[in-house]
Each structure stands twice: as structure tokens, then as C-alpha cells.
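In: Have a look; sequence and predicted model below, questions after that.
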Amino acid sequence: MMCTLYVGCCVSIGCVAEAELARRMGHASMTTETIDRIRKCFHSYGLPVDLPTDLTTDDLMHKMSLDKKNRGNSIRCTIVTAIGVSINDPQPVDKDLIREVGTGKRATHSCCQHK
């Protein structure tokens, strides 16, 4: 079965993941407290903030490899440096770091629509 997420779910999950990527890349203003604030904001609107349990890291990496921001073989992400602030151009991010964030916290249930 294929896992399909609505765009709003992808955006909320992606914003939290990109904030965590920025923290791990050394952006000092992106603290765990700031990430928790972002999570709580999306959660207050009923949006998911963690990857669904039935989306594997390999599937995630494949889907990310198809993104229009990518160039060549690199996965490029928007790097959030503070709430409402990001680096103008998407930046290449180490695939191992993406995998590490992608294998982190998972939702306790699936928000995928199966087709």
C-alpha cells in the first residue's frame, strides 16, 4: 500500500524536521525550546508534526529526492534560522543527517491516506 499525505500534513511535518535539521547544523537560535514552540503551533491546528509510523525512512528519502529544490544528486532544504526567518536559497543537506532526523521521533499513529 502506498502512503499518501495531504500537502498541509507534509508542510507541518517538514517545517518541524527542517527546524531540527537547522539545530543539528549549528544554527544557535534554533533551540529545542524554539522547535517545541513550532511543534505546539502546528499541533494546535490539528496538524501532524512527526512522520507517520508507516512511512519508512527509505520512502521519505526517495520522495525528498524528487523535490524541485534539488540540484543534481543533492537534497536541498530550506534552512530555518529562527521562527519566520530562513536562508534565502535552499541549502544542500547531508543525506545521513536527513536520515538521522527522519528516523527520530515518529507519530504514535499513521496520518497517511492509503491507496
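Out: It's in.

In: where do the helices sit along this protein?
Out: For the chain, the helices defined by DSSP state H occupy 7-24, 32-44, 57-65, 95-102.

In: For this structure, which residues score under the pLDDT cut-off?
Out: Scanning the chain for pLDDT under 70 picks out the ranges 1-3, 105-115.

In: Recalculate using a threshold of 90.
Out: In the predicted model of the chain, residues 1-11, 13-14, 27-29, 46-48, 50-82, 84-95, 98-115 satisfy pLDDT under 90.

In: quick revisit: now tabulate the helices of the chain in a markdown table and tack on distance to C77 and mean neighbour count.
Out: All C-beta spots, glycine's among them, are computed from the backbone N, C-alpha and C. A markdown table is the format used below for the helices of the chain (distance: least, Cβ to Cβ, whole Å; neighbours: other Cβ atoms under 10 Å):
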| stretch | distance to C77 | mean neighbour count |
| --- | --- | --- |
| helix 7-24 | 5 | 19 |
| helix 32-44 | 15 | 14 |
| helix 57-65 | 8 | 14 |
| helix 95-102 | 8 | 16 |
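
In: out of those, which comes closest to T78?
Out: When the helices of the chain are compared by Cβ to Cβ, helix 7-24 sits nearest T78, at 5.7 Å.

In: circling back to that earlier point, in JSON lines: the helices of the chain, plus distance to G84.
Out: JSON lines is the format used below for these (distance: least, Cβ to Cβ, whole Å):
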{"stretch": "helix 7-24", "distance to G84": "11"}
{"stretch": "helix 32-44", "distance to G84": "10"}
{"stretch": "helix 57-65", "distance to G84": "23"}
{"stretch": "helix 95-102", "distance to G84": "21"}
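
In: and of those helices, who's closest to T81?
Out: Using Cβ to Cβ, the nearest of those to T81 is helix 7-24, at 6.3 Å.

In: List the contacts of the closest one.
Out: Under the criterion Cβ atoms under 8 Å, 6 or more residues apart in numbering, residues 5, 30-32, 34-35, 38-39, 42, 45, 47-51, 77-81, 93, 97-98, 100-102, 104, 111 lie in contact with helix 7-24.
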